[in-house]
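Peer 1: A predicted structure for the sequence below; I have some questions about it.
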Amino acid sequence: MTVYALVLLTYFMVVSGIVYDVIVEPPGIGSTQDRLTGAVRPVVFLQGRVNGQYIIEGLSSGFMFVLGGIGIVLMDLALDRNRAKSVKVSYATAGISSVVLAYVMSMLFIRIKIPAYLH
């Protein structure tokens, strides 16, 4: 289990762009000025730039990928014959929910990041 946790942590760091964050040092979140009121609003996603990111953008995307991976592991655990049926149903429900949530949120992130993608 320790090896799995270390692999999962390493995967999270690589997918989140920790190396990019250390080298480039982007801001945690950005800001934009509203055209009508002039108020400054926080922005979490760096729109229109595929090769750039804010720190929170990378961390949230990495978390969604890890959540999907954990969901796949939970669905695999639900197939174990030595577990009680209620535990297997719980694992399957949590696994399917995790995978669906990770997919929906990742697609939402992509649509925010690249508005004209898949239209």
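Peer 2: Great, that's in hand.

Peer 1: tell me the contacts of residue 105?
Peer 2: Under the criterion of CB atoms under 8 Å, 6 or more residues apart in numbering, the neighbours of residue 105 are residue 64. For glycine as for every other residue, the C-beta is placed from the backbone atoms N, C-alpha and C.

Peer 1: and the longest helix along the chain, what's its mean pLDDT?
Peer 2: With DSSP state H setting the assignment, residue counts place helix 85-113 as the longest helix in the chain. Looking at helix 85-113 alone, the average pLDDT works out to 96.

Peer 1: and the helices in this structure, which stretches?
Peer 2: Using DSSP H, helices in the chain cover 2-16, 18-24, 55-77, 85-113.

Peer 1: distance to residue 37 added to the ones you listed, as TSV?
Peer 2: Putting these into TSV (distance: least, CB to CB, whole Å) gives the following:
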stretch	distance to residue 37
helix 2-16	34
helix 18-24	31
helix 55-77	24
helix 85-113	22
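
Peer 1: can you say which of those is packed in most?
Peer 2: Of all these, helix 55-77 has the most neighbours on average by mean count of other CB atoms under 10 Å, namely a mean of 17.

Peer 1: that helix relative to helix 85-113, how many degrees between them?
Peer 2: An angle of 150 degrees separates the directions of helix 55-77 and helix 85-113 when computed by axes from the mean of the first three to the mean of the last three CA atoms, to 10 degrees.

Peer 1: what's the angle between helix 55-77 and helix 2-16?
Peer 2: An angle of 140 degrees separates the directions of helix 55-77 and helix 2-16 when computed by the same axes, to 10 degrees.
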